[in-house]
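Novice: Take this sequence and fold it.
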Amino acid sequence: MALRLFSCRNSLQIARFGIRAMSGEYGSGAGKGGGSGGSVREAGGSFGKMEAAHEEQYFRKMQQEQLKALHDHHKEEVDNHETEIQRHQEAIARHKEKLGKLKSLEKKGSDTD
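Specialist: Take a look at the predicted model:
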């Protein structure tokens with residue numbers, strides 16, 4: 001689980017770095033924004049800018065989905081741990097009750113001796 005969370009967090013950091021490392025205006029032609037990006041972006045102009053905007057929107061949406069999945073995963077983990085805590089507390093209470101019964105039996109046994 002820790003490896004899965006590490007890899008998810010690591011991929012988010014890489015995605016952020018990749019966005020920051022790009023230079024030039026998105027969709028303004030070949031070589032700008034980290035590579036050619038296909039024929040539409042190579043041509044530049046408004047279609048290239050629109051394509052770049054769609055691409056950025058896609059990656060933002062993907063990042064939001066990843067963050068939501070990570071949040072849901074953590075919430076589920078917390079719920080599972082709270083359930084385990086409750087189960088352990090109930091087991092502790094049962095064992096304390098058994099110890100109390102054993103002590104009372106010991107007292108009764110020692111009184112009759």
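
Novice: hey, which helix is longest across the chain?
Specialist: The single longest helix within the chain, with elements called by DSSP state H, is helix 45-112.

Novice: I'd like the average pLDDT over that helix.
Specialist: The predicted model assigns helix 45-112 a mean pLDDT of 94.

Novice: Show me what it is packed up against.
Specialist: helix 2-21, helix 39-43 (3 or more Cβ pairs under 8 Å, 6 or more residues apart in numbering; DSSP states H and E). Glycine gets a C-beta too; all of them are placed from N, C-alpha and C.

Novice: weakest of the ones you listed in terms of mean pLDDT?
Specialist: By mean pLDDT, the lowest-scoring of those turns out to be helix 2-21, with a mean of 54.

Novice: Can you give me the neighbour number for residue 48?
Specialist: 24 (other Cβ atoms under 10 Å).

Novice: For residue 54, see how far away it is.
Specialist: Residue 48 sits at a distance of 11 Å from residue 54 (criterion: Cβ to Cβ, to the nearest Å).

Novice: can you tell me how far residue 54 sits from residue 79?
Specialist: Counting by Cβ to Cβ, the gap from residue 54 to residue 79 is 37 Å.

Novice: Also residue 57?
Specialist: When distances are taken as Cβ to Cβ, residue 57 and residue 79 turn out to be 33 Å apart.

Novice: Then residue 110?
Specialist: Distance, residue 110 to residue 79, by Cβ to Cβ: 47 Å.

Novice: do residue 69 as well
Specialist: The gap separating residue 69 from residue 79 is 16 Å, by Cβ to Cβ.
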